[in-house]
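# Next input, structure requested:
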Amino acid sequence: MWTVLFGENEGEEAAQPRGAVKTPAAAPSPQHSTPPVTPSPLEDPRPSTPPPQPNKPQPPAQSRHVGVTMDAKGKSGESEDTPMSMLLKRLNLLMLKVGEHEFEKKTLVDQMEKERKLLTVQIKELEKQIEDLKDQNVQLQYKIEYTSEPMLMERVQDITDMRDALAAVKKQLEAELQDKEKELRESKTSLAAKDKELSALREEYEKQIDDLTAEREAAKEEAANAVRVASDAASEKYEEQLKEKDEALQLVTDLKETLEVSLAEKEQVLIEKDQALNEAEAATAEVQRSLAEVQVQGEADAKAIEQLQQELEQVAREHEQKLQQLKDEEQRKLDALEKHAQEQESISAEKTQELEDYKHDCVELWKINEDLKQQIALTSAETMLKQAELR
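Residues are numbered from 1 along each chain as shown. Just a heads-up that it's a prediction; the model follows:
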């Protein structure tokens, strides 16, 4: 122990007075032999007084007590180069080192606390950024699911409904056109039959008129011949017959007029049928134009649907790319955060290990301090015994 503190020569010089000391006749004073025990550094890691500065150290109470004791002994005539003074110097140095270690420990703890607070703030900021990214991700998903796609799908649904409605209208118009064509064919057939009947009736009436006219002429000739040949009585008979023939002719004439009126009515009906046929043809042309417009509109709607589907796919691809970019960026930030956290954990572990090393050094210094106190007490007792013997 003396060799470690003072070297080999000083250790031998300190060992000589210890060997020359005899058994004391009286016990030394407890005030000088038992110095106050300094508490362990581990019992109070944060002392109430601030740590001593390296350039202006404050000596502990034990060193002051020992200094006062040595000053009292110096007044009795002892030299300053004694082992006790060297031991006190070394004790002062050790106490200074203990103070420096305490100061470094407190500085390290404060620095670690500041770094921990800084890391906590950084972690909170990164967590806030992660929450913002999650909110942006949710907003993009909401925009994809509830804004773009439903609107496009609604437009596609509207166009599809319009196309279905146009197809239904087309089918209805085609059915009506078929009905009109069927009615037109039936009207043409009935009109042809009516024409045939009218032609047959006209021929029959003309034939009857010709026959009656021939009979009239024959009757006139017979009457003339009878007038020339017969007498006055016979002429009356012929006149009556002629009158009957005139009445029959008048009846045939009336019948002819009636047939002409009926024929005029039939012609009027035929004209009306022609007008209805023209109207049906115009309606057919209008339906055909409507069908052409429906086909053109259907083709345009199909092109619009295809374009909307392409736009929907393009928007979906863009949103997927943005979402993937956000996911990649979030993953990179998370990886950087984990890496930074691991680095901070390793730094914290290193600082903790250094703190444990400092604690271990402080414990060792405390043990050395206690040993030095015991050595000082023994040396003080031996010195007092030697002085008592010299007296």
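# Next up, the contacts around Lys220.
Applying CB atoms under 8 Å, 6 or more residues apart in numbering to Lys220 gives the contacts Leu242. All C-beta spots, glycine's among them, are computed from the backbone N, C-alpha and C.
# measure it to Leu242 for me?
As judged by CB to CB, to the nearest Å, Lys220 and Leu242 stand 7 Å apart.
# same check, this time on Arg90
According to CB to CB, Arg90 and Leu242 sit 188 Å apart.
# need the helices for this structure, in chain order.
Remark: helices assigned in the chain by DSSP state H are 2-6, 8-20, 30-33, 61-75, 83-143, 149-229, 232-390.
# Output these in JSON lines; the columns should cover mean pLDDT.
As requested, the helices of the chain are exported to JSON lines (pLDDT from 0 to 100):
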{"stretch": "helix 2-6", "mean pLDDT": "44"}
{"stretch": "helix 8-20", "mean pLDDT": "44"}
{"stretch": "helix 30-33", "mean pLDDT": "39"}
{"stretch": "helix 61-75", "mean pLDDT": "45"}
{"stretch": "helix 83-143", "mean pLDDT": "88"}
{"stretch": "helix 149-229", "mean pLDDT": "81"}
{"stretch": "helix 232-390", "mean pLDDT": "80"}
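# Burial check on Leu212, number of neighbours?
By other CB atoms under 10 Å, 19 other residues sit near Leu212.
# Is it in contact with Glu247, as I believe?
No - look at Leu212 against Glu247 with CB atoms under 8 Å: they stay out of range, at 11.4 Å.
# burial of the nearest residue to Gln344 once chain neighbours are set aside, as a residue count?
Excluding its sequence neighbours, the residue lying closest to Gln344 (CB to CB, 6 or more residues apart in numbering) is Leu119, at 5.2 Å. Counted by other CB under 10 Å, the residues lying close to Leu119 total 17.
# quick one: Leu119 from Glu356, how far?
Counting by CB to CB, the gap from Leu119 to Glu356 is 21 Å.
# ditto for Glu125
On the measure of CB to CB, Glu125 and Glu356 end up 31 Å apart.
# and if you look at Lys256?
From Lys256 to Glu356 the distance is 144 Å (CB to CB).
# next one: Ala304
When Ala304 is compared with Glu356 (using CB to CB), they lie 76 Å apart.
# So between these two, which is more surrounded?
Ala304 (14 against 10).
# Now that one: closest residue in space, sequence neighbours ignored.
Going by CB to CB, 6+ apart, Ala304 has Ile159 as its nearest residue, at 5.9 Å.
# In contact with the one you found, which residues are there?
301, 304-305, 308 are the contacts of Ile159 under CB under 8 Å, 6+ apart.
# Now with 7 Å, please.
301, 304-305 (CB atoms under 7 Å, 6 or more residues apart in numbering).
# Among the residues you listed, find me the one that's closest to Glu183.
Asp301 (32.9 Å; CB to CB).
# My guess is that closest one contacts Met162. True?
Yes - between Asp301 and Met162 there is a contact under CB atoms under 7 Å: 6.4 Å.
# Counting neighbours, go ahead and name the busier of those two.
Set Asp301 next to Met162 and count neighbours by other CB under 10 Å: Asp301 wins out with 17 against 13.
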